[in-house]
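Chemist: when you get a sec, could you give me coordinates for this:
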Amino acid sequence: MAVLTSRSTGVKASSRRRAGSHDCATQAIVAVHDVGEQHGLVYIVSDFIDGQGLDVWLKSNRPTWREAIRLTAAVADALAHAHAHFTVHRDVKPGNIILTRDRTPVLVDFGLGLDESATAGLELGIVSGTPAYMSPEQVSGTAHRIDGRTDIYSLGVMLYEMLCGLLPFRASEARELLRQVRHDEPQPPRQLIRELPPDLERVCLQALAKRMQDRQSSAADFADDLRKVLLTTTDTGSPSTFAVSLTETDSRDPSLSQSTSVRSAVSSTSSSERLFREAERRQVTILVCGCDLFTSEDFLEGIEPEEQAEVLRSLQQSCEQEVRRFDGTVVQATAEGVVVCFGYPVAYEDAARRAAQLGLSILENIQAVAEPFQHQHKLELKPWIGIHTGRGVVRTEEGAISLPGEVRNIAVRLGDVAEPGQLLCTEATRALIEGYFDCAPLGSRKIKGASRAVDLFLIRGVGRARSAIEATGPIGLTPLTGRDHELSLLQDRWEEAQEDMGQVVMLVGEPGLGKSRLVHTLKELVLGRMVEGELDAPVIEWRCSPQFQSACGTSR
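Modeler: Predicted coordinates for the structure are as follows:
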């Protein structure tokens, strides 16, 4: 590997010296002046870059999508230069990019660099790189067959991270992370950040394609596609009619005056107008978890500040871990409590049920976290949780969710009437979770900020229903019509199964076509025969849920 390192870097150094120029591509690669070996160690003499790593910068800064394009395109130019000299970096990541004082990215650390002209298959079976940024072919150990498109994938991961604030694949265990890289598809960026231009999402996801042949052909093409998005899109993510005529111009030419004009025209849009365009009216479910412990005099005066901070950190980490499991979004986390939103930026049809299940899980976990603290300091945590569903105007401001209005106020004010250890919900939420959870009425209460009294319910635990049909009950089901053919096919397959001819049936169709109803009807038929004594075997029904995809065991 040391030979490959010096060899690949030497290619870059010699090409830099031969060119004798400082174009955009070579300026984005650290200049190497000499390489050699002494006492069995390889040394590299390169320029000193005055700046900080992109990974460090991203911890305290969130680039706009335009800034993310600029940084990514510059690195893509540098990679195109390296690839033209038969060198693949293989470890493109924010930690290997230094931002200079004028925020110019410089690609460094070619320690895993591979000279395509001299590999001879020596890398067969070797997994090299940083797991979160490795391409599927690197994870599979086929690094002996890689080319520049491997770096395009890693750069696509970096672009996704800058756009969304998180990596496309995340797991606590390395084995699971590598499995996701090989087999799973990333969540579309516009599901997380709605204002991203569709063309930018398309370019990013193409770079993250599992197969090399489905990605951009070269890093230069990747840079061109990104710059076209800049030219043809306004700050609000909509296509710019002014810039459409400029798409045929060579976007790699830094002297283009048209692109400057486009940026000037876009920047003239007022910030208030952009915020208005970003706002969306959504039905959301808001969960608020509060704890009276942090207003207790015994806690504030009798416990050392370091221990208070430790308790707060443990509680917040426990809550945030559960929030991620149910795909909620933390809107606010303070010493007084946590506010979680379901329904934005990603909408789920079972958002209210996710919130209710999250509330039960948080109450259970808080007791486990608080148990050692209670034994040590004789103080009890007094958590309460309130859930409310309603329509509100939601928008993202500088990466944070803004949710003003009644829907949030009612959820927060439920703490005024909740008893310690209670999980409360309003009638609007109960109507969506009825049957799935055991809810007991508490009557109507006047909530500050609400014009009318609000009907409240105590969520005591999980109900028996596991599907919308079970939650509705037989009285609420409408007659099954137009499915005679499908139902007869299912009955025929069941008859064949009874004759020891095993059958597997897959029902495929768009949501709302009645797949669950067909299964329910067949199950009722089988249960009816069991009652009549024709069958003695039980009906076993298995269900899956994305919230339990990594959990052991199954539901029955």
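
Chemist: could you pull out the helices in the stretch 251-400 of the chain for me?
Modeler: Ranges of helices in the stretch 251-400 of the chain, per DSSP state H, counting those that start in this stretch, are 257-267, 271-278, 297-302, 305-325, 351-377.

Chemist: so where's the longest strand in this structure?
Modeler: strand 383-397 (DSSP state E).

Chemist: list the buried residues in it.
Modeler: Buried residues in strand 383-397, counted by 16 or more other Cβ atoms under 10 Å: 383-390, 392, 394-396. Yep, even glycine has a C-beta here, placed from its N, CA and C like the rest.

Chemist: secondary structure element for the closest residue to Ile387 other than its chain neighbours?
Modeler: Nearest residue to Ile387 in three dimensions, chain neighbours excluded: Cys425, at 4.2 Å (Cβ to Cβ, 6 or more residues apart in numbering). Taking DSSP states H and E as the definition, Cys425 sits inside strand 423-426.

Chemist: can you list the strands that that strand pairs with?
Modeler: strand 383-397 (parallel), strand 454-462 (antiparallel) (DSSP bridges).

Chemist: what is the rounded mean pLDDT of stretch 540-556?
Modeler: For stretch 540-556, mean pLDDT is 58.

Chemist: just stretch 188-203 next, same as before
Modeler: 92.

Chemist: show me the residues around Pro345 that make contact.
Modeler: Pro345 sits next to 191-194, 329, 396, 401 when contact means Cβ atoms under 8 Å, 6 or more residues apart in numbering.

Chemist: let's see it at 6 Å
Modeler: With contact taken as Cβ atoms under 6 Å, 6 or more residues apart in numbering, Pro345 is in contact with 192, 194.

Chemist: what about Ala84, distance to Ala78?
Modeler: Distance of Ala84 to Ala78, computed by Cβ to Cβ, to the nearest Å: 11 Å.

Chemist: which of those two has more neighbours?
Modeler: Higher neighbour count among Ala84 and Ala78: Ala78, with 27 against 14, using other Cβ atoms under 10 Å.

Chemist: part of a strand, is the more buried one?
Modeler: No. According to DSSP: H, G, I helix; E, B strand; the rest coil, Ala78 belongs to no strand; its state is helix.

Chemist: how near is the nearest residue to it once chain neighbours are set aside to Val203?
Modeler: Spatial nearest neighbour of Ala78, chain neighbours left out: Ala28 (3.6 Å); criterion: Cβ to Cβ, 6+ apart. Separation of Ala28 from Val203 (Cβ to Cβ): 19 Å.

Chemist: do the same with Gly36
Modeler: 41 Å.

Chemist: if you count surrounding residues, which of those two has more?
Modeler: Neighbours per residue, other Cβ under 10 Å: of Gly36 and Val203, the larger number sits with Val203, 22 against 11.

Chemist: do I have it right that the more buried one meets Arg227?
Modeler: No. Between Val203 and Arg227 there is no contact under Cβ atoms under 6 Å: 10.2 Å.

Chemist: show me where the stretch 101-250 of the chain has helices.
Modeler: 136-139, 148-164, 174-183, 189-192, 198-207, 219-232.

Chemist: what packs against the longest one?
Modeler: With contacts taken as 3 or more Cβ pairs under 6 Å, 6 or more residues apart in numbering; DSSP states H and E, helix 148-164 sits against helix 65-84, strand 87-88, helix 189-192, helix 198-207, helix 219-232.

Chemist: what's next to that helix, contact-wise?
Modeler: 63, 65, 68, 72, 79, 83, 88-89, 92, 94, 133, 135, 167-168, 189, 192-193, 204, 207-208, 212, 215-216, 219, 222.

Chemist: tell me the most buried of the helices of the stretch 101-250 of the chain?
Modeler: helix 148-164 (a mean of 25; mean count of other Cβ atoms under 10 Å).

Chemist: next, the angle from it to helix 65-84.
Modeler: 170 degrees (axes from the mean of the first three to the mean of the last three Cα atoms, to 10 degrees).

Chemist: restrict helix 148-164 to CA atoms and write it as CSV.
Modeler: The C-alpha coordinates for helix 148-164 follow below in CSV (Å, rounded to 0.1, in the frame of the first residue of the first chain):
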residue,chain,number,x,y,z
GLY,A,148,-13.3,7.1,-11.1
ARG,A,149,-17.0,6.4,-10.6
THR,A,150,-16.1,5.0,-7.2
ASP,A,151,-15.0,8.5,-6.1
ILE,A,152,-18.2,9.9,-7.6
TYR,A,153,-20.2,7.8,-5.2
SER,A,154,-18.3,9.0,-2.2
LEU,A,155,-18.6,12.6,-3.3
GLY,A,156,-22.4,12.0,-3.7
VAL,A,157,-22.5,10.8,0.0
MET,A,158,-20.7,14.1,0.9
LEU,A,159,-23.2,16.1,-1.1
TYR,A,160,-26.2,14.3,0.5
GLU,A,161,-24.7,15.0,4.0
MET,A,162,-24.3,18.8,3.2
LEU,A,163,-27.9,19.0,1.8
CYS,A,164,-29.7,17.0,4.5
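
Chemist: run the angle between it and helix 174-183 for me.
Modeler: Going by the same axes, to 10 degrees, helix 148-164 is angled at 110 degrees with respect to helix 174-183.

Chemist: just how off-centre is helix 148-164 within its chain?
Modeler: Taking the mean of its C-alpha atoms, helix 148-164 sits 15 Å from the chain's own mean (Cα atoms, centre = their mean, to the nearest Å).

Chemist: for stretch 518-527, same thing?
Modeler: 38 Å.

Chemist: got the CA coordinates for that stretch in PDB?
Modeler: The C-alpha atoms that make up stretch 518-527 are tabulated as PDB, following Å, rounded to 0.1, in the frame of the first residue of the first chain:
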ATOM      1  CA  LEU A 518     -59.300  -9.700   1.100                       C
ATOM      2  CA  VAL A 519     -57.000 -11.200   3.700                       C
ATOM      3  CA  HIS A 520     -59.500 -10.400   6.400                       C
ATOM      4  CA  THR A 521     -62.300 -12.000   4.500                       C
ATOM      5  CA  LEU A 522     -60.300 -15.200   3.900                       C
ATOM      6  CA  LYS A 523     -59.300 -15.300   7.600                       C
ATOM      7  CA  GLU A 524     -63.000 -15.000   8.600                       C
ATOM      8  CA  LEU A 525     -63.700 -17.900   6.300                       C
ATOM      9  CA  VAL A 526     -61.100 -20.100   8.000                       C
ATOM     10  CA  LEU A 527     -62.100 -19.000  11.500                       C
END
